[in-house]
Every structure is written in structure tokens, then in C-alpha cells.
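Student: fold the following for me, if possible:
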Amino acid sequence: MNAFVDKYEDRIQGVLSCFDRMLFRGYLPIMSGWTMAQLLHAHEIDRTSVKPFLLVNAERVTEHALAMAREHGRPFEDLSSKMRKEDAARKIAERDGIDEGLVCVFSDTSGIDALQQLFRGLQRRDIALVLANVNEQPLSLIRRSVFANEIGAEQIVPTLADVAMP
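Tutor: Below is the predicted model:
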């Protein structure tokens, strides 16, 4: 462990030790406004820079996960929030004969559920939802989901300039 930390110390923010195992996820587990405020303060992020900070870091996590999956020849799979990811990983490991190392990278599609709720709420108030400048990874999730049919292909546009205003 010390050799690893020594080798990558310029890229390590902190070290956690535990008795069994850890699952790393591609999001920041911020459970309260106070915790979020501490994180933003530590990174010297003011309220006008929050969105770019979050978008850049979400994209970094996704790009890194995709690169790791490609590098190790492992699948990158979209899963619904209702599926037990540990069970799915065990099945993949068993199927592929993986005893150690990277088994799979999962992308949790529960964000699609949130978009659907937003869309339906806006629909009830007769407000249109248009998605523009959507990054490739979430766009691929949206297009593969039933939400793409629900919102309609014409509501997903490459740029804000492509939005048809009434």
C-alpha cells in the first residue's frame, strides 16, 4: 500500500483504510448543504462557478470510467437504479471468469428518472423541456431510454441556436 501511495502521491487527495472492501462510485456523496458548502469552500468555488465545477468533474469521472473499461477490455453497462449492482457484478465476474481486477463499469441511469420527473412536472404547467448541448455519455443514455420517445427527438438539439422558439 505504501509503495502505491508513494508512486501516486501527486495525484492522491487522501487515503482511506478499511477491513474488507470499498466500492467507489462516480459521484460525490454529499448529503447536506453544509457538506456541499465545505467542499466548495475547500476548492474556492463561489456560487457562480458551481455549475461549471460540477459539470467538469462529472465529465472527468465518466471519461475516466470509460477509459478504464476500454483499457482493461471490460464492459461499460448502463443499469437502472432498481438493479442491485453488486449482484450484477458478481454475475459478470462469474460469466467472464474474473477473480480479481476490474469486472465492469456501471453507469447508474437514475438521472433519467429525474429528467422524466422534471419533464412531467413541466408538462403539467404547459412548459416545454428542450435539452441542448448534452454531453455524449448522458446523450447516449437518453437516446437508449424510453424517455427519448417521451420527450420527442425534436426536443433534443445539438446547440441552443438549434432551439425552435414559438
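
Student: and stretch 126-143, how far out from the chain middle?
Tutor: Offset of stretch 126-143 from its chain centre (CA atoms, centre = their mean, to the nearest Å): 14 Å.

Student: in this protein, which spans are strands?
Tutor: 76-79, 105-108, 131-132, 156-157 (DSSP state E).

Student: and the last one, which strands flank it?
Tutor: Meaning strand 156-157. Sheet pairing for strand 156-157, assigned by DSSP bridges, gives strand 131-132 (parallel).

Student: contact partners of the partner strand?
Tutor: 142, 151, 155, 156, 157, 158, 159, 160, 162, 163 (CB atoms under 8 Å, 6 or more residues apart in numbering). Quick note: C-beta positions are derived from backbone N, CA and C, even for glycine.

Student: ok, now stretch 96-113?
Tutor: Contacts of stretch 96-113 (CB under 8 Å, 6+ apart): 25-26, 62, 65-66, 68-69, 72, 74-81, 85, 88-89, 92-93, 137-138, 141-142, 145, 147.

Student: give me the buried entries from those residues.
Tutor: Using 16 or more other CB atoms under 10 Å as the burial test, the contacts of stretch 96-113 include 62, 65, 69, 74, 76-77, 79, 89, 92, 137-138, 141-142, 145, 147 as buried.

Student: before we move on, back to that, please name whichever of the strands of the chain is nearest to residue 54.
Tutor: Between residue 54 and the strands of the chain, the shortest gap by CB to CB is with strand 105-108, which sits at 16.2 Å.
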